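Chemist: build me a structure from this.
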Amino acid sequence: MLKTVIYALPEISLLTGLLHLLGLYLAKIEKARAYAAVSKFWLLCSVFFSVLYYDKTFTSVLSPNSYTLLFYLITGFFAYIVLGLSACWFNSKNRIGCHFYALILLALLCLKTMLETTNLPTLFALYIFLALINQRLLGIGYDKKHTPDTMRIFFISLAIILLFGAGVSYLSWLAKAPLSYQTAQKLLMEQSNSLTCYLSAVFIIIPFLYALGIVPFHITMEDKAGKSILPVSHYFAVILPLALFGILIKLNLKVFPPLQTEFSSAYVVLALLSVIFGALGTNARINLYRINAYAKTCYLGVMLLLLSYFKAETTFAAFLIGLISVMAFNGMYLVFYSIKSRGEYLTTTAALSGLAENKPYTAAILIVSLFSLIGIPPLAGFLAEMNIINGLISQKSYISLGIILFFWLILAKACLEMIKAAYFEHRIKIYDTENKLLIFYIFLNILCLALSVFNPFNIIETMKDMFYVLYL
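Modeler: Model (predicted):
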């Protein structure tokens, strides 16, 4: 009994954080920083216990290892930044943000368990829970009405969940046993010519493509990022995608190898469409959150393309690209938190005009993040770009490489336009004073991008060792 409780300490820490937040709310504490500090503290406790008991579990449906720890550490790092910065936004709106902080802790608990589970019905139940959390986050707007877009996303999510449920239910009925990943893989191998089994597998993979915002689901992800409040948009940009991609990798390896040929072709098509629409979308939008969402779709397309080869080297390259891109997108959100005028956060590209004149630190993270996105050496994005080129050349995918490089130039055009506005146009807005906490996070993000380039203490190799545990 005691051992079970000890092994459950990472999850208990997050749940204790929820109770602590409730206590603050009942005590009528009205400072957003207090709620943020409590959330960060219990998140750090959860991460600490996860490292301490990285391969221990309190239930048989979970199978934690260094792979799941790697993704949780990265997710926890970005969650720490999101929780810290969100207090700035809530303070400016005279809100405490208790609802937001509780939902983020619940989302982290859900994502951690989804990464560790090896049981499809459990994954399905957790996906439903995560969808409800995301819907509640989208509803944070401090008005009493649900917008038509929020309701539209709700009904689309409901349809996706029904497909997921149908796929899991059919395979469970065929297996007539607890549907673990291993059982599902064996069943798909035995029923390789069954159309219904194939459709069931498709119904299981679609929800994750939807949640990531892969084409044709990029429009809903654009709405989630563009029409939600800034802290929620930040969550959808940096916390959610990397954790979900880790789950997708695990499903690909543990469940879908029998369908490798069929899924590879579909992945390639969806990946290239995501690259194309993502690059074009960045040039067709003026809302900064939406531009970020489309750039993320472009990067996710590249990652899905590398995943389509079902090989360890290209899959790790996809992870590394995802990590570097998320650091760049996080840098972009640091800029979004900084460009505030008279208490209002600015959201258009015009708001960047003259940014370098009186916010040099913010302009620095902008240029570093954008140059990382388009792969300018010697920044981290260049490392990602070389991984993409090497991975595609090794697979002799020259047409795909040509498409990606062409649309990478289109993505670069949008990035260069933003840099031009920040450095070469005259200021049209008077910005509020820079928050000292924001400057700290700016330097922290730049440090992380620098570490990925210089690779001290063989950090990349350590991550590779943790990642490859999944293949043992």
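
Chemist: contacts, neighbours, all on C-alpha from now
Modeler: Fine.

Chemist: would you map the helices across the stretch 1-150 of the chain?
Modeler: All helices of the stretch 1-150 of the chain, identified by DSSP state H, counting those that start in this stretch, fall at 2-7, 9-26, 32-52, 66-92, 98-116, 120-138, 148-175.

Chemist: in the fourth one, what counts as buried?
Modeler: Counting neighbours by 16 or more other CA atoms under 10 Å, one finds that the buried residues in helix 66-92 are 66-76, 78-91.

Chemist: the shortest one too?
Modeler: For helix 2-7, burial by neighbour count (16+ other CA under 10 Å) applies to residue 7.

Chemist: what about dumping the CA coordinates of it to PDB?
Modeler: Taking C-alpha atoms only, helix 2-7 is exported to PDB below (Å, rounded to 0.1, in the frame of the first residue of the first chain):
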ATOM      1  CA  LEU A   2       2.800   2.500   1.000                       C
ATOM      2  CA  LYS A   3       4.700   1.600  -2.100                       C
ATOM      3  CA  THR A   4       1.700   2.300  -4.300                       C
ATOM      4  CA  VAL A   5       1.300   5.700  -2.800                       C
ATOM      5  CA  ILE A   6       5.000   6.500  -3.200                       C
ATOM      6  CA  TYR A   7       4.900   5.500  -6.900                       C
END
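
Chemist: what lies in contact with that helix?
Modeler: If you take CA atoms under 8 Å, 6 or more residues apart in numbering as the criterion, helix 2-7 is touched by 53, 56-58.

Chemist: got the contact list for the residue nearest the centre of the chain?
Modeler: By CA atoms, centre = their mean, the chain has its centre lying nearest to residue 241, at 2.1 Å. By CA under 8 Å, 6+ apart, the contact set of residue 241 is 211-212.

Chemist: Throw the helices of the stretch 1-150 of the chain into JSON lines and include distance to residue 283 and mean pLDDT, thanks.
Modeler: Converted to JSON lines, the helices of the stretch 1-150 of the chain look like this (distance: least, CA to CA, whole Å; pLDDT from 0 to 100):
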{"stretch": "helix 2-7", "distance to residue 283": "48", "mean pLDDT": "85"}
{"stretch": "helix 9-26", "distance to residue 283": "40", "mean pLDDT": "95"}
{"stretch": "helix 32-52", "distance to residue 283": "35", "mean pLDDT": "95"}
{"stretch": "helix 66-92", "distance to residue 283": "27", "mean pLDDT": "92"}
{"stretch": "helix 98-116", "distance to residue 283": "31", "mean pLDDT": "96"}
{"stretch": "helix 120-138", "distance to residue 283": "25", "mean pLDDT": "94"}
{"stretch": "helix 148-175", "distance to residue 283": "23", "mean pLDDT": "88"}
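
Chemist: in CSV: those helices, plus distance to residue 417.
Modeler: CSV is the format used below for the helices of the stretch 1-150 of the chain (distance: least, CA to CA, whole Å):
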stretch, distance to residue 417
helix 2-7, 50
helix 9-26, 42
helix 32-52, 35
helix 66-92, 26
helix 98-116, 33
helix 120-138, 30
helix 148-175, 29
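
Chemist: quick one, which of those gets closest to residue 414.
Modeler: Checking these against residue 414 by CA to CA gives helix 66-92 as the closest, at 25.1 Å.

Chemist: and the pLDDT at residue 461?
Modeler: Note for residue 461: predicted pLDDT of 88.

Chemist: any idea how far it lies from residue 316?
Modeler: Distance, residue 461 to residue 316, using CA to CA, to the nearest Å: 11 Å.

Chemist: residue 215 looks like it's in a strand, true?
Modeler: No: counting by DSSP: H, G, I helix; E, B strand; the rest coil, residue 215 is not part of a strand but coil.

Chemist: contact partners for it?
Modeler: Shown in contact with residue 215 (CA under 8 Å, 6+ apart): 270-271, 273-274, 277, 297.

Chemist: and the gap between it and residue 278?
Modeler: Using CA to CA, residue 215 is found at 9 Å from residue 278.

Chemist: please enumerate the shared neighbours of those two.
Modeler: Residues touching both residue 215 and residue 278 (CA under 8 Å, 6+ apart): residue 297.

Chemist: now, the contacts of residue 215 that are in helices?
Modeler: For the contacts of residue 215, the ones inside helices are 270-271, 273-274, 277, 297, with DSSP state H as the criterion.

Chemist: what about residue 107, distance to residue 375?
Modeler: For residue 107, the distance to residue 375 equals 32 Å [CA to CA].

Chemist: and for residue 22?
Modeler: Note on residue 22: its distance to residue 375, by CA to CA, is 44 Å.

Chemist: got it, and residue 319?
Modeler: For residue 319, the distance to residue 375 (CA to CA) stands at 16 Å.

Chemist: again with residue 344
Modeler: Remark: distance between residue 344 and residue 375 (CA to CA) = 32 Å.

Chemist: again with residue 113
Modeler: Going from residue 113 to residue 375 by CA to CA gives 34 Å.

Chemist: relative to the whole chain's centre, how far out is the helix or strand encompassing residue 407?
Modeler: In this structure, residue 407 sits in helix 398-424 according to DSSP states H and E. Its chain's C-alpha centre and that of helix 398-424 lie 22 Å apart, by CA atoms, centre = their mean, to the nearest Å.

Chemist: go on, stretch 183-195?
Modeler: With CA atoms, centre = their mean, you get 30 Å for stretch 183-195.

Chemist: contacts for that stretch next, please.
Modeler: With contact meaning CA under 8 Å, 6+ apart, stretch 183-195 is reached by 171, 174-175, 197-198, 254-259.

Chemist: how about the contacts made by residue 282?
Modeler: Listed by CA under 8 Å, 6+ apart, the contact partners of residue 282 are 290-292, 294-295, 411, 414.

Chemist: number of residues surrounding residue 405?
Modeler: Summarising burial for residue 405: neighbours were counted as other CA atoms under 10 Å, giving 16.

Chemist: roughly how far does it sit from residue 259?
Modeler: Going from residue 405 to residue 259 by CA to CA gives 29 Å.

Chemist: same deal with residue 304?
Modeler: Separation of residue 304 from residue 259 (CA to CA) stands at 16 Å.

Chemist: so if I had to pick from those two, which one is more boxed in?
Modeler: Neighbour totals were compared for residue 304 and residue 259, and residue 304 leads with 26 against 17 (other CA under 10 Å).

Chemist: which helix or strand contains that one?
Modeler: Per DSSP H and E: helix 288-307 holds residue 304.

Chemist: and the angle from that helix to helix 398-424?
Modeler: Calculated by axes from the mean of the first three to the mean of the last three CA atoms, to 10 degrees, helix 288-307 forms an angle of 150 degrees with helix 398-424.

Chemist: pretty sure residue 86 is touching residue 229, no?
Modeler: No: counting by CA atoms under 8 Å, residue 86 stays clear of residue 229, with 10.0 Å between them.

Chemist: about what we covered before: neighbour count for residue 344 and residue 375, which is higher?
Modeler: For residue 344 versus residue 375, neighbours defined as other CA under 10 Å are more numerous around residue 375 (19 against 13).
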